[in-house]
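> 3D, please:
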Amino acid sequence: MSSEQRQLLQQIGPLLEGQDVSSLRGLLGEQRSSDIAEVVELVDNEQRRIIFDVLEKSVSAEVLEKVDEATRSELFELLETSEIKYIISELDLDDAADLLGELPEEKREELLESIEPADSVKIKKLMSYSEDSAGGIMDPVLISVREDATVAEVVNKIRAVEIDEDFFSIYVVDKMGRFLGDVRIRLLITSPENMLIIDLLDPDAIYVTAEADQEEVRNTFSKNDLIVVPVLDKKHKLIGRITADRVIEVAEEEAAEDLYTMAGTDADELDNVSVFHAARVRMTWLLPCLIGTGITALVMIFFEHNNKMVYIAAVAFVPMIAAISGNAGLQTSAIVVSGLATGHLAALKLSQVFTREVRIALLVALSCGVIGGIACAFLLNAKATASTIKSVQLIFAFGTAMFSAIMVATTLGLFLPFLFRRIGIDPAISSGPLVTTANDSISVAIYMTLALLLLG
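Numbering: from 1, shown residues only. Okay, the predicted model is just below:
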């Protein structure tokens, strides 16, 4: 929270406590909706009710859109159906579709039936697309003209349109509504009035399809420095547009989702303020990890019947093997996942990434094997755990196992993101607790097998 927002909260606090509605209305009337949203997230439901009572309806719509999902869920319970209906009518259609998608189906249908039929049809169409697709994040409000229109006709059409939107391009379609290209507003201003719009057309305009993943849309914007991009359906007909500000929101959502996945939780945790809900979400990920660590324990028990002295000496270095190999695998998977998420060309070519990462892994594994072997020798000599011959064998086993475990973990970190992406699973899962737990089990098994085979 910024200093301005803290100051606003300090000013609002006494007014809410004293229920000074008049002063509160005047104070909030001077604030940005984003700052009010920050305050709404921090106060209780009773105070939220007071705030929404004094806000102008158009501002309350912006605030409801900008608060986090957990707060919005509580506001949906707090606000009357008539209030939500009015708020929905104040929002852009794409934002309205997003908010309605968070409501229970029964309440959603009730609200859709109560708003303007034309808007209801458009919102339902938007909601029919996957929320992670171009169709799910597009704005259906745009200006399109036929290919035979003149510059004067296009300018008059823009003047006649009564919509509160910023437009950077005019889209040109044929008689069947199929997309032909776009024309920048700048060209309309500088061209003769009698010139045909088709003569100003950019036929190589970049577009996306409604089914395209939002991550692909974000990468399209990034690579081509776009402000807006048109969205086409399967028949190449123009159905909407996506603006850069929407893509920024998408990028933030994707980054947050990847972060949650890699941490072993879920963005769903933010949809509900209940601590029990959050604990259930986290345990969904942690229980499989508990099973995985149980497998690691079984591996250790399996080797326990061998030479007790050797076993005790070998076990002392298990945490080092598991931690180093696991982190090496995590480093590789993080690089690959990031490359896949940003659409970086190198990350899309498995052979190229494989060549680079294997060479890095060899250097890292060799370095860690040698350094780990030296550390192992120092610790064994300090403790005098076993005979000199067995100590040398254990040091060799440790260094070899460290090298092998890092190579295996790195290979998993390299291939799993590509595999998950191919079968439609979020590649970020490959950096999560489940895979790192599997890395630990595999690395421990490699180490104990080598150690006890070499030491008998």
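
> would you say Ile158 is within a helix?
Yes. Per DSSP: H, G, I helix; E, B strand; the rest coil, Ile158 lies within a helix segment.

> Verify the contact between it and Phe167 for me.
Yes. Taking CB atoms under 8 Å as the contact criterion, Ile158 and Phe167 are neighbours in contact, 7.3 Å apart. Just so you know, the C-beta spots here come from the backbone N, C-alpha and C atoms, and that holds for glycine as well.

> Identify the residues contacting the helix or strand hosting Phe52?
For Phe52, the host element (DSSP states H and E) is helix 45-54. Here helix 45-54 makes contact (CB atoms under 8 Å, 6 or more residues apart in numbering) with 12, 16, 19, 21, 24-25, 28, 36, 39-40, 43, 60, 63, 74-75, 78-79, 83.

> doesn't Glu30 fall inside a strand?
No. Using three-state DSSP, the secondary structure at Glu30 is coil, not a strand.

> Now do the shared contacts for Ile158 and Phe167.
Ile143.

> Now do the domain split for the chain, please.
Listed domain ranges for the chain are 3-129, 144-243, 267-455 (source: automatic domain parsing).

> Which of these has the highest mean neighbour count?
Among the domains of the chain, the stretch with the highest mean neighbour count (mean count of other CB atoms under 10 Å) is domain 267-455, at a mean of 18.

> State the mean pLDDT of that one.
Mean pLDDT, computed over domain 267-455, is 73.

> hmm, back to that, let's see the helix holding Phe52 as CSV, backbone CA atoms only.
Extracted in CSV, the C-alpha atoms of helix 45-54 (Å, rounded to 0.1, in the frame of the first residue of the first chain):
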residue,chain,number,x,y,z
ASN,A,45,-18.3,-5.8,5.7
GLU,A,46,-20.2,-3.2,7.7
GLN,A,47,-17.9,-0.5,6.6
ARG,A,48,-17.9,-1.8,3.1
ARG,A,49,-21.7,-1.4,3.1
ILE,A,50,-21.3,2.3,4.2
ILE,A,51,-18.7,3.0,1.5
PHE,A,52,-20.9,1.5,-1.3
ASP,A,53,-23.9,3.4,-0.1
VAL,A,54,-22.1,6.8,-0.6
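
> Now find how far off-centre it is within its chain.
Distance of helix 45-54 from the chain centroid (CA atoms, centre = their mean, to the nearest Å) equals 31 Å.

> Now do the SS call for Gln19.
coil.

> and what of Glu131?
Going by three-state DSSP: Glu131 is coil.

> And for it, the neighbour number?
The tally of other residues near Glu131 (other CB atoms under 10 Å) stands at 14.

> need the contact list for the closest residue to it other than its chain neighbours.
Excluding its sequence neighbours, the residue lying closest to Glu131 (CB to CB, 6 or more residues apart in numbering) is Gly101, at 6.5 Å. Listed by CB under 8 Å, 6+ apart, the contact partners of Gly101 are 108, 127, 131.

> Please identify the helix or strand for the second one.
Right, Met127. In this structure, Met127 is located in helix 117-128 according to DSSP H and E.

> Tell me which other helices or strands that helix touches.
Helix 117-128 sits against helix 93-100, helix 105-114, helix 134-137, with contacts defined as 3 or more CB pairs under 8 Å, 6 or more residues apart in numbering; DSSP states H and E.

> Helix 93-100 and the longest one, what's the angle between them?
What it means is helix 105-114. 150 degrees (axes from the mean of the first three to the mean of the last three CA atoms, to 10 degrees).

> dump the residue contacts of Phe167.
142-143, 158, 185.

> same check, this time on Arg184
Applying CB under 8 Å, 6+ apart, the residues contacting Arg184 are 168-169, 202.

> For the contacts of Phe167, could you give me a markdown table that also reports pLDDT, distance to Leu238 and secondary structure?
As requested, the contacts of Phe167 are arranged in a markdown table below (pLDDT from 0 to 100; distance: CB to CB, whole Å; DSSP: H, G, I helix; E, B strand; the rest coil):
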| residue | pLDDT | distance to Leu238 | secondary structure |
| --- | --- | --- | --- |
| Leu142 | 86 | 7 | coil |
| Ile143 | 87 | 10 | coil |
| Ile158 | 85 | 16 | helix |
| Ile185 | 86 | 17 | helix |
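
> could these be laid out in JSON lines, adding distance to Gly136?
What follows is the contacts of Phe167, written out as JSON lines (distance: CB to CB, whole Å):
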{"residue": "Leu142", "distance to Gly136": "17"}
{"residue": "Ile143", "distance to Gly136": "22"}
{"residue": "Ile158", "distance to Gly136": "28"}
{"residue": "Ile185", "distance to Gly136": "27"}
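
> For the stretch 301-450 of the chain, which segments count as helices?
308-315, 318-342, 350-383, 388-422, 433-455 (DSSP state H, counting those that start in this stretch).

> Let me know which of the ones you listed is the nearest to Arg218.
Closest to Arg218 of the helices of the stretch 301-450 of the chain, according to CB to CB: helix 318-342, at 8.5 Å.

> Tell me which other helices or strands that closest one touches.
On a contact count with 3+ CB pairs under 8 Å, 6+ apart, helix 318-342 meets helix 214-224, helix 244-263, helix 350-383, helix 388-422, helix 433-455.

> Kindly recompute the last result at 7 Å.
When contacts are defined as 3 or more CB pairs under 7 Å, 6 or more residues apart in numbering; DSSP states H and E, helix 318-342 sits against helix 244-263, helix 350-383, helix 388-422, helix 433-455.

> Out of these, the one nearest Gly329 is which?
Closest approach to Gly329 among the helices and strands packed on helix 318-342 (CB to CB): helix 388-422, 3.2 Å.

> Could you check the angle the closest one makes with helix 350-383?
Using the same axes, to 10 degrees: helix 388-422 against helix 350-383 is 150 degrees.

> what's the helix or strand for Ile170?
Using DSSP H and E, Ile170 sits in strand 169-173.

> Where does pLDDT dip in the stretch 101-250 of the chain?
Low-confidence regions of the stretch 101-250 of the chain, defined here as pLDDT under 70, cover residues 162-165.

> and the helices and strands packed on helix 318-342 as TSV, adding distance to Met283?
Conversion of these to TSV gives the following (distance: least, CB to CB, whole Å):
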stretch	distance to Met283
helix 244-263	14
helix 350-383	33
helix 388-422	22
helix 433-455	12
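
> Glu193: what's its closest spatial neighbour, skipping adjacent residues?
Per CB to CB, 6+ apart, closest to Glu193 is Ala152, 3.8 Å.

> quick one, what contacts His137?
One correction, residue 137 is Ile, not His. Going by CB atoms under 7 Å, 6 or more residues apart in numbering, Ile137 touches 94, 214, 242, 246, 250.

> The third one pairs with what?
Spelled out, that is Ile242. With DSSP bridges applied, Ile242 shows beta-bridge pairing to Val229.

> how about it, what does it touch?
Neighbours of Ile242 in contact, by CB under 7 Å, 6+ apart: 134, 137-139, 217, 228-229, 231.

> can you rerun that using 10 Å?
94, 134-135, 137-139, 207-208, 212, 214, 217-218, 220-221, 226, 228-231, 250 (CB atoms under 10 Å, 6 or more residues apart in numbering).
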